[in-house]
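Asker: could you look at this predicted model? Sequence included:
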Amino acid sequence: MYPAIEVAAVAASALYGILRGARQNFDLVGICYIAFAVAFGGGTVRDVLLDRHPIFWIANDHLVWIAMAIAVAGAFLPKLVSKLEPLLWIPDAMGLGLFSVLGAVYALECGTGRFVAILLGVATGSFGGVIADVICNELPLVFTRSPLYATCSFFGAFAYVLLEWLGVGSSLAMGVGFCVVVALRVGAVRWDWQLPTHAVEKKPSRRGDEG
Amino acid sequence: MYPAIEVAAVAASALYGILRGARQNFDLVGICYIAFAVAFGGGTVRDVLLDRHPIFWIANDHLVWIAMAIAVAGAFLPKLVSKLEPLLWIPDAMGLGLFSVLGAVYALECGTGRFVAILLGVATGSFGGVIADVICNELPLVFTRSPLYATCSFFGAFAYVLLEWLGVGSSLAMGVGFCVVVALRVGAVRWDWQLPTHAVEKKPSRRGDEG
Amino acid sequence: MYPAIEVAAVAASALYGILRGARQNFDLVGICYIAFAVAFGGGTVRDVLLDRHPIFWIANDHLVWIAMAIAVAGAFLPKLVSKLEPLLWIPDAMGLGLFSVLGAVYALECGTGRFVAILLGVATGSFGGVIADVICNELPLVFTRSPLYATCSFFGAFAYVLLEWLGVGSSLAMGVGFCVVVALRVGAVRWDWQLPTHAVEKKPSRRGDEG
């Protein structure tokens, strides 16, 4: 079942990427780049940080074919993609669940501490969107007032790591972690759960830079 | 002959970097950073993704000396660099050809699939400019209406991978791939070949973020 | 003594990150991301480029705990963090000294050339701030008119590499390099030492892109 979720999540990410790229007036090159960034960015960062080689999409290049086929087809059918948009958050939420838990699983396999494993789960789930936002010259939306996203990822990865630590079987722990992410994300989209922001007066720093 | 092209390409990239940095009112630190990003960004991403160590500019640090010397000298001779600018696209096109083909060659050596090898060729050729654009807070120009760039890279890497698959000798395949990139790029600059963009109405996504 | 400086530097970086994030109206997720980027960005880039695994903060995850605890606590006490801000440049300058020298030390251990080692020292010291600026959609402040930062790092790493080459004992060379960075940085903040910028007329490039 996980491979099917993975394909659905990559497809959803690629479709989001097309919409992002098309709204920036990118050509096919830009649309493919953004689709790849959204779909593969988080997992790539995870694999590079953990020194897991080959990188997941090099090892499983059917995912690359799928993302590329969707990006090319979608670029020529922008109206269809627009119509699909209201549904995309569903496979995306499942992908968030899968990638958050897998990030933590792979991190523990590589021998990281438990807290680092949770954070790598969060990074795997949310970094793709952050990279795409940075390329598109926008403040990352997951950092600002928007329905919980990385937070869902955090609690799901936390649930997995906790259960695994308590000795619960690995596949049960993964299943619970996955369900926590998806449930929180569905609630966040449905009832617009958000985190507060933390205002600070804007004044120039004495240092003059941030190093 | 390839080492000479490599040096010419790094020099051209560094000169573009100086112009980019100087137009942003960067100081010498910023100009050097941007020159390095343009010259070494693509190959660095390729080597990190393929786990090829040491990274090419760590292994061949004469390239670092050349880029640094050009960046420092050029920063103090901005008028000379400006005058050279109309000629820079020629060594740059040759560098695009070289790096696109080399990216695919190294990827195949590391055992990636053929399609991934083509994409890593494209990434090697175009990522330096994308990184520099992102640092300079601009939408990557290779993603928008501008003469074909990554596309030339794609077809050259494709030609190399195809010929290599057909059993053509490696150096002939590389030579053909190189010539395809350079010929396409010369044509694109000369006749302003561009890809179309793919418009989509701008509306806020229901999700409110992009993950 | 070095571990204490490291903890102080990570703490200072995390506090700067909070202020950056809060001024962008980020929520807790964004503040934590920026705090981590400032605190761990430079060392992560160094370790990935040098293929040093596990990455330093995966190997020493008490640093992650400290950064996270500060980011969370600070996000809820923005006024306290604001009040601390005028003092933060002191631990930050010590961190710059430590990370610049350590970057060069690790690079030489990995067998890089001496000049590359100096540049990796500079990257370790300054890349965190660059990444945070790029995420926050601002031109990197260390690239523009602001008190010397990367330059201090350069001369300190240079001093270390020179002394090590001259056969001076490693810990003395590190101590001198560290003091050079801190002394230059204190002077730069105190007397506002800056590098000049290098103006070039802004005209569209003939190429139309930068690859």
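Answerer: Structure received. Residues are numbered from 1 along each chain as shown, chains lettered A, B, ... in the order given.
Asker: is stretch A:91-101 anywhere near chain B?
Answerer: Yes: Stretch A:91-101 comes into contact with chain B (Cβ under 8 Å from any Cβ of the partner chain), by way of A:92, A:96. Just so you know, the C-beta spots here come from the backbone N, C-alpha and C atoms, and that holds for glycine as well.
Asker: so which bits of stretch A:187-194 are buried?
Answerer: A:188-189 (16 or more other Cβ atoms under 10 Å in any protein chain shown).
Asker: how far away from the center of its chain is that stretch?
Answerer: For stretch A:187-194, the separation from the chain centroid amounts to 17 Å (computed by Cα atoms, centre = their mean, to the nearest Å).
Asker: and stretch A:17-35, by the same measure?
Answerer: Distance of stretch A:17-35 from the chain centroid (Cα atoms, centre = their mean) equals 18 Å.
Asker: now chain A against chain C: closest residue?
Answerer: In chain A, the residue found nearest to chain C is A:Phe143; the distance is 2.6 Å by Cβ to the nearest Cβ.
Asker: report how many residues lie close to that residue.
Answerer: When neighbours are counted by other Cβ atoms under 10 Å in any protein chain shown, A:Phe143 registers 29.
Asker: tell me which element the residue lying closest to A:Ala71 once chain neighbours are set aside falls in.
Answerer: Closest residue to A:Ala71 apart from its sequence neighbours, by Cβ to Cβ, 6 or more residues apart in numbering or on different chains: A:Ala35 at 4.0 Å. Element membership for A:Ala35 (DSSP states H and E) is helix A:28-50.
Asker: helices or strands up against that helix?
Answerer: helix A:2-23, helix A:56-59, helix A:62-76, helix A:78-109, helix A:114-135, helix B:28-50, helix C:28-50 (3 or more Cβ pairs under 8 Å, 6 or more residues apart in numbering or on different chains; DSSP states H and E).
Asker: change it to 6 Å
Answerer: helix A:2-23, helix A:56-59, helix A:62-76, helix A:114-135 (3 or more Cβ pairs under 6 Å, 6 or more residues apart in numbering or on different chains; DSSP states H and E).
Asker: redo those as a markdown table? Include mean neighbour count and mean pLDDT.
Answerer: Formatted as a markdown table, those follow (neighbours: other Cβ atoms under 10 Å in any protein chain shown; pLDDT from 0 to 100):
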| stretch | mean neighbour count | mean pLDDT |
| --- | --- | --- |
| helix A:2-23 | 23 | 83 |
| helix A:56-59 | 21 | 93 |
| helix A:62-76 | 18 | 89 |
| helix A:114-135 | 26 | 91 |
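Asker: now those as TSV including distance to B:Leu148?
Answerer: Formatted as TSV, these follow (distance: least, Cβ to Cβ, whole Å):
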stretch	distance to B:Leu148
helix A:2-23	17
helix A:56-59	25
helix A:62-76	16
helix A:114-135	20
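Asker: wait, which of the ones you listed is closest to C:Leu172?
Answerer: helix A:114-135 (34.6 Å; Cβ to Cβ).
Asker: return the alpha-carbon coordinates of that closest one using CSV.
Answerer: Output of helix A:114-135 as CSV, limited to C-alpha atoms (Å, rounded to 0.1, in the frame of the first residue of the first chain):
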residue,chain,number,x,y,z
ARG,A,114,15.2,10.3,18.4
PHE,A,115,14.6,14.0,18.4
VAL,A,116,16.7,14.5,15.2
ALA,A,117,14.7,11.7,13.6
ILE,A,118,11.5,13.6,14.3
LEU,A,119,12.9,16.8,12.8
LEU,A,120,14.1,14.9,9.7
GLY,A,121,10.6,13.6,9.4
VAL,A,122,9.3,17.1,9.4
ALA,A,123,12.0,18.2,6.9
THR,A,124,11.1,15.4,4.6
GLY,A,125,7.5,16.4,4.6
SER,A,126,7.8,20.1,4.3
PHE,A,127,11.1,21.0,2.6
GLY,A,128,9.9,20.5,-0.9
GLY,A,129,7.4,23.3,-0.6
VAL,A,130,9.9,25.5,1.1
ILE,A,131,12.4,25.1,-1.7
ALA,A,132,9.7,25.8,-4.3
ASP,A,133,8.6,29.0,-2.5
VAL,A,134,12.2,30.2,-2.2
ILE,A,135,12.7,29.6,-5.9
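Asker: identify the residues contacting that helix?
Answerer: For helix A:114-135, contacts defined as Cβ atoms under 6 Å, 6 or more residues apart in numbering or on different chains pick out A:20, A:34, A:37-38, A:41-43, A:45-46, A:96, A:99-100, A:103-104, A:107-108, A:140, A:142, A:150, A:153-154, A:157-158, A:161, B:134, B:210-211, C:58, C:61, C:64, C:135.
Asker: verify the contact between the residue of chain A closest to chain C and C:Asn25 for me.
Answerer: No: when contacts are counted by Cβ atoms under 6 Å, A:Phe143 is not listed as touching C:Asn25 (8.9 Å).
Asker: what pLDDT is listed against A:Arg46?
Answerer: On the pLDDT scale, A:Arg46 is placed at 94.
Asker: apologies, that question was intended for A:Gly211.
Answerer: 37.
Asker: and whatever residue of chain A ends up closest to chain B, how far is that from A:Leu195?
Answerer: Nearest residue of chain A to chain B: A:Gly30, at 2.6 Å (Cβ to the nearest Cβ). Distance, A:Gly30 to A:Leu195, by Cβ to Cβ, to the nearest Å: 31 Å.
Asker: higher neighbour count, these two?
Answerer: Per other Cβ under 10 Å, whichever of A:Gly30 and A:Leu195 has more neighbours is A:Gly30, with 29 against 20.
Asker: if you skip the residues just before and after it, what's nearest to that one?
Answerer: In space, A:Gly30 is closest to B:Phe143, 2.6 Å off (Cβ to Cβ, 6+ apart).
Asker: the one you found against A:Asn25, yeah?
Answerer: No: in this structure, B:Phe143 is not within contact of A:Asn25 by Cβ under 6 Å, at 8.9 Å.
Asker: out of the helices and strands packed on helix A:28-50, which is closest to B:Ser170?
Answerer: helix A:56-59 (21.2 Å).
Asker: how about the closest one as PDB, C-alpha atoms only?
Answerer: In PDB, the C-alpha atoms belonging to helix A:56-59 read as follows (Å, rounded to 0.1, in the frame of the first residue of the first chain):
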ATOM      1  CA  PHE A  56      15.500   7.800  -3.400                       C
ATOM      2  CA  TRP A  57      14.500   9.100  -6.800                       C
ATOM      3  CA  ILE A  58      17.800   7.900  -8.400                       C
ATOM      4  CA  ALA A  59      17.100   4.500  -6.800                       C
END
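Asker: out of the helices and strands packed on helix A:28-50, the one nearest C:Ala14 is which?
Answerer: Across the helices and strands packed on helix A:28-50, closest to C:Ala14 is helix A:114-135 (Cβ to Cβ), at 13.9 Å.
Asker: quick one: the closest one to helix A:28-50, angle?
Answerer: 160 degrees (axes from the mean of the first three to the mean of the last three Cα atoms, to 10 degrees).
Asker: distance from the chain centre to helix A:114-135, please.
Answerer: 6 Å.
Asker: check stretch A:8-17 too.
Answerer: On Cα atoms, centre = their mean, the centre of stretch A:8-17 falls 10 Å from that of its chain.
Asker: residues in contact with it?
Answerer: A:34-35, A:38-39, A:63, A:66-67, A:70-71, A:81, A:88, A:91-92, A:95, A:98, B:210.
Asker: skipping adjacent residues, who's closest to A:Thr112 in space?
Answerer: Spatial nearest neighbour of A:Thr112, chain neighbours left out: C:Ile58 (5.2 Å); criterion: Cβ to Cβ, 6+ apart.
Asker: cool, and A:Leu139?
Answerer: Per Cβ to Cβ, 6+ apart, closest to A:Leu139 is C:Asn137, 5.6 Å.
Asker: got phi/psi on the one you found?
Answerer: Here is the backbone geometry of C:Asn137 (degrees, to the nearest 10): phi 70, psi 40.
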